[in-house]
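# build me a structure from this.
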Amino acid sequence: MSEEYESIKERAIQVLDKYLGYPDLITFNDLDRSVTFSSERLIPTASTNRPRVMLLFSNPHPHSVHQGMFLSPNTKGRESLFWSVMRDAGWLPIAERNRNPKELVDICLNAEYPGPFELIFYCYYAFPTDFPEDIRKIFGRKHFSLLIELEAIGEFRNTIQAESVEAVVTFNKGIFNLVSKDQIERYVERLKAGELIQSQIKGIDRFIPIFLTFPTGWRYHRQYRQFHKASLDAIKTAICSGSNVQESKNT
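Got it, this is the predicted structure:
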């Protein structure tokens, strides 16, 4: 990071202050003016001959990285809504007693769960922060646009191809707009109305649909669980039926 190293280090310490005590999460290397960090990506090590679907997140959360699994319990020990929603929708029917980080890693790495798909957990940006916009704050606009963004899109497309991903599901509108051919603005009300929001991944040489569902922690309605499940049910049906996004007018 050459001449930008000191300012990046200072901003990172400010933004990530409460996580700097986590071993190996972030290490600043003053001699070569670089930063080393831990991230997360989960790709099943065994094939089950089910369609491979990528669950696309924005970037790792430091507390989940520290615990060793995506969407681990928060700092107060509360389980992420993601796991019960995915169970209810039949995507990841894992019993609550088995949903601790260590067991989840083993179960998901070996795809030892019922359900229609073999799931890849993937973060678009590799750097761990509370929110994806924190990455730009830490590294600055120039470094972010000239290095981080280019690396992110390149690695994402390479992984899609290398892992034979057949569909992508994301929980973040900003990430959806970065990787899809179509752009969206307001979407939560559309999802609540039962709409299937889909497009296709841009910049690669084969058709891969991408779907947008509710954010993992969205619970701003009395029937939030039903809304989550209905959206994931619609996406499951579309993937299993080979729905062609080019014929859809939902985007």
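
# who does the spatially most central residue of the chain bridge with?
For the chain, the residue sitting closest to the mean C-alpha position, by Cα atoms, centre = their mean, is residue 57 at 1.3 Å. Listed by DSSP bridges, the beta-bridge partners for residue 57 are residue 123.

# from here on, call the first residue 36.
That works, and once the first residue is 36, the last one we named lands at residue 92.

# what's it in contact with, if anything?
Contacts for residue 92 (Cβ atoms under 8 Å, 6 or more residues apart in numbering) come out as 105, 156-159, 205-207, 210, 251. C-beta: built from backbone N, CA, C; applies to glycine.

# filter these down to the buried ones.
Buried members of these, scored by 16 or more other Cβ atoms under 10 Å, are 105, 156-159, 205-207, 210, 251.

# tell me the buried residues in stretch 61-75?
Along stretch 61-75, these residues count as buried under the neighbour rule (16+ other Cβ under 10 Å): 61, 63, 70, 72-73, 75.

# show me these that map onto helices.
Assigned to helices by DSSP state H, none of the buried residues of stretch 61-75 qualify.

# which stretches of this protein form strands?
61-64, 69-72, 87-92, 153-158, 202-205, 232-235, 244-247 (DSSP state E).

# which strands or helices does the fourth one pack on?
So that's strand 153-158. strand 87-92, helix 184-197 (3 or more Cβ pairs under 8 Å, 6 or more residues apart in numbering; DSSP states H and E).

# how about the ones you listed, which one is nearest residue 164?
strand 87-92 (12.3 Å; Cβ to Cβ).

# now the closest one, how far from the chain's geometric center?
7 Å (Cα atoms, centre = their mean, to the nearest Å).

# can you redo the strands of the chain as TSV with mean pLDDT?
Putting the strands of the chain into TSV (pLDDT from 0 to 100) gives the following:
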stretch	mean pLDDT
strand 61-64	93
strand 69-72	94
strand 87-92	98
strand 153-158	98
strand 202-205	98
strand 232-235	97
strand 244-247	98
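
# JSON lines for those, including distance to residue 276?
Below are the strands of the chain laid out as JSON lines (distance: least, Cβ to Cβ, whole Å):
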{"stretch": "strand 61-64", "distance to residue 276": "44"}
{"stretch": "strand 69-72", "distance to residue 276": "40"}
{"stretch": "strand 87-92", "distance to residue 276": "14"}
{"stretch": "strand 153-158", "distance to residue 276": "18"}
{"stretch": "strand 202-205", "distance to residue 276": "11"}
{"stretch": "strand 232-235", "distance to residue 276": "12"}
{"stretch": "strand 244-247", "distance to residue 276": "11"}
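
# just to revisit the earlier point, of all the buried ones among the contacts of residue 92, which comes closest to residue 221?
Using Cβ to Cβ, the buried ones among the contacts of residue 92 come closest to residue 221 at residue 207, 14.6 Å.

# torsion angles phi and psi at the nearest residue to the closest one once chain neighbours are set aside?
Leaving aside its sequence neighbours, residue 207 sits nearest to residue 93 (Cβ to Cβ, 6 or more residues apart in numbering; 4.8 Å). Backbone torsions for residue 93, taken as degrees, to the nearest 10, come to phi -70, psi -60.
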